[in-house]
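Visitor: Need coordinates for the following:
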Amino acid sequence: MINSIETDLAERLQRQTPLHPPTCGRVSRQLKHFPITPEVHIRPDEKGASHALSVVAGDRPGLLYAIARLLGKYAINLITAKIVTLGERAEDVFVISGAALSNPKTVLQLEAELLDALRLK
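Guide: Here you go, the predicted model:
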């Protein structure tokens with residue numbers, strides 16, 4: 001079964017077709033009753049060559065997929081990532097680059113869409 005999943009993934013990546021969204025997993029009871037307010041900040045580095053994307057949100061299945069999907073939508077390149085999970089809290093920092101980041105309105109729109117995607121529904 002794993003080989004068929006790997007084969008399907010390899011074929012989708014070669015054809016550059018969208019991946020299926022992950023199955024919705026269960027959100028912990030603690031996170032449901034004590035939600036963590038998501039935070040998103042995109043800031044340019046000192047040289048202006050790349051940007052730092054900081055994300056704080058409640059950890060749950062599909063969290064990284066939601067972030068990656070939006071980065072792909074805006075053609076943002078991921079240079080490096082630091083993923084930290086502290087109990088139910090995810091604190092992630094991504095170094096990103098892309099033409100969309102040169103437009104302040106697009107950056108604000110990306111931040112707003114990320115915030116919406118990170119909220120528990």
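
Visitor: so what's G87 scoring on pLDDT?
Guide: What the model reports as pLDDT for G87 is 82.

Visitor: Ok, L101 next?
Guide: For L101, the model assigns a pLDDT of 94.

Visitor: burial measure for the closest residue to it other than its chain neighbours, as a count.
Guide: Among residues not flanking L101 along the chain, H51 sits closest, at 5.1 Å (CB to CB, 6 or more residues apart in numbering). In this view, the C-beta of every residue, glycine as well, is placed from N, C-alpha and C. The local packing of H51 (other CB atoms under 10 Å) involves 20 other residues.

Visitor: need the helix or strand of this protein with the lowest average pLDDT.
Guide: helix 29-33 (a mean of 52; mean pLDDT, DSSP states H and E).

Visitor: Determine the next helix or strand in the C-terminal direction from that helix.
Guide: Following helix 29-33 in sequence order, the next helix or strand is strand 39-44 (DSSP states H and E).

Visitor: average pLDDT across that following strand?
Guide: Averaged over strand 39-44, pLDDT sits at 95.

Visitor: contacts for it?
Guide: The contact list for strand 39-44 (CB atoms under 8 Å, 6 or more residues apart in numbering) reads 50-57, 96, 101, 107, 110-111, 114-115, 118.

Visitor: residues contacting the residue most central in space within the chain?
Guide: Central residue of the chain (CA atoms, centre = their mean): I67, 1.5 Å from the mean position. Counting by CB under 8 Å, 6+ apart, I67 makes contact with V55, D92, F94, L114, A117, L118.

Visitor: Show me which pair in these is furthest apart.
Guide: Using CB to CB, the pair of the contacts of I67 lying farthest apart is F94 and A117, separated by 14.2 Å.

Visitor: I appreciate the help and will end here.
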